[in-house]
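*Asks:* Sequence and predicted structure are below.
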Amino acid sequence: MQNKKLLNKVDKLGYVLVTIFLVLCIFILVLLITGVFTKLLNTFNKEFLSGAGVAIFSFLLAAAWDEYKFRRDVRRKDEAVMFAVQEDLRSNLKIAEENKRMLEEELSVLKDHRTITPPLRLLGEGFWTLVRVNPPQKLVRLDSIVKIHGIGNLTGSVNEMLRSRENYRIQNQAMDNFCKRLETYDRVLIEEITKLQSILSAFVDNS
């Protein structure tokens, strides 16, 4: 949101500078047409007029250059943030797919009191920090912010469930109802991961 405010200020400054430049051009053109400009040159010191003209032109040129550099830097930063966000989300899609596959495999062997050996991978949550600190212009729209916020919340929720499941799997294998409770964990996780996959896919495809 801060970037958007800065860009709005720059846009307003750009409009003012362009307007001033056009007014000056029109004014000089009118003077040339009416012959007044020649009279002014004969009346006032030519060096003074030349110096004033150079100063005004230099100011406008410097202001235009600063505006261009600011827009270029903001665009580059936005592109870098968007690239990092998209990479995180694509990576999460792959991790979610792998976790879901392993959970489904485990459901098929739990009846034999067996579980999967490797722990499930946690999803990356760095993308939401990037968006909060440096929101790209592409995501400052309310609907986009709401969507990425929802993805961040669901990602965090799935990670908490993954941690809880792993702690339970490690510490409670001697319990009589171990497999039954682990099955419950797995089914809930599969449901939440499927939901996250759907939201992630839609967001990545449209961003």
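*Replies:* Ah, there it is.
*Asks:* In this protein, where is pLDDT below threshold?
*Replies:* For the chain, applying pLDDT under 70 flags the ranges 1-54, 57, 117, 142.
*Asks:* Report the central residue of it.
*Replies:* For the chain, the residue sitting closest to the mean C-alpha position, by C-alpha atoms, centre = their mean, is Pro136 at 3.9 Å.
*Asks:* Leu122 in helix, strand or coil?
*Replies:* coil (DSSP: H, G, I helix; E, B strand; the rest coil).
*Asks:* From Glu98, how far off is it?
*Replies:* 12 Å (C-beta to C-beta, to the nearest Å). From N, CA and C alone the C-beta is placed, and that goes for glycine too.
*Asks:* In terms of neighbours, single out the busier of the two.
*Replies:* More neighbours surround Leu122 than the other of Leu122 and Glu98, with 16 against 12 (other C-beta atoms under 10 Å).
*Asks:* So the more buried one versus Glu87, what's the distance?
*Replies:* Per C-beta to C-beta, Leu122 is found 16 Å from Glu87.
*Asks:* returning to what we had before: I figured the residue nearest to the centre of the chain hits Asp78, correct?
*Replies:* Yes - with contact defined as C-beta atoms under 8 Å, Pro136 reaches Asp78; the gap is 4.0 Å.
*Asks:* what about the helices in the chain?
*Replies:* For the chain, the helices defined by DSSP state H cover 2-34, 36-43, 46-109, 126-133, 142-171, 178-206.
*Asks:* who does the third one touch, helix- and strand-wise?
*Replies:* Going back to what we said before, that points to helix 46-109. helix 2-34, helix 126-133, helix 142-171, helix 178-206 (3 or more C-beta pairs under 8 Å, 6 or more residues apart in numbering; DSSP states H and E).
*Asks:* repeat for the fifth one
*Replies:* Taking 3+ C-beta pairs under 8 Å, 6+ apart as contact, the helices and strands that helix 142-171 lies on are helix 46-109, helix 126-133, helix 178-206.
*Asks:* so it versus helix 178-206, what angle?
*Replies:* Inter-element angle recorded for helix 142-171 and helix 178-206: 160 degrees (by axes from the mean of the first three to the mean of the last three C-alpha atoms, to 10 degrees).
*Asks:* residue contacts, His113?
*Replies:* By C-beta atoms under 8 Å, 6 or more residues apart in numbering, the contact set of His113 is Cys179.
*Asks:* Phi, psi for it please.
*Replies:* phi 60, psi 40 (degrees, to the nearest 10).
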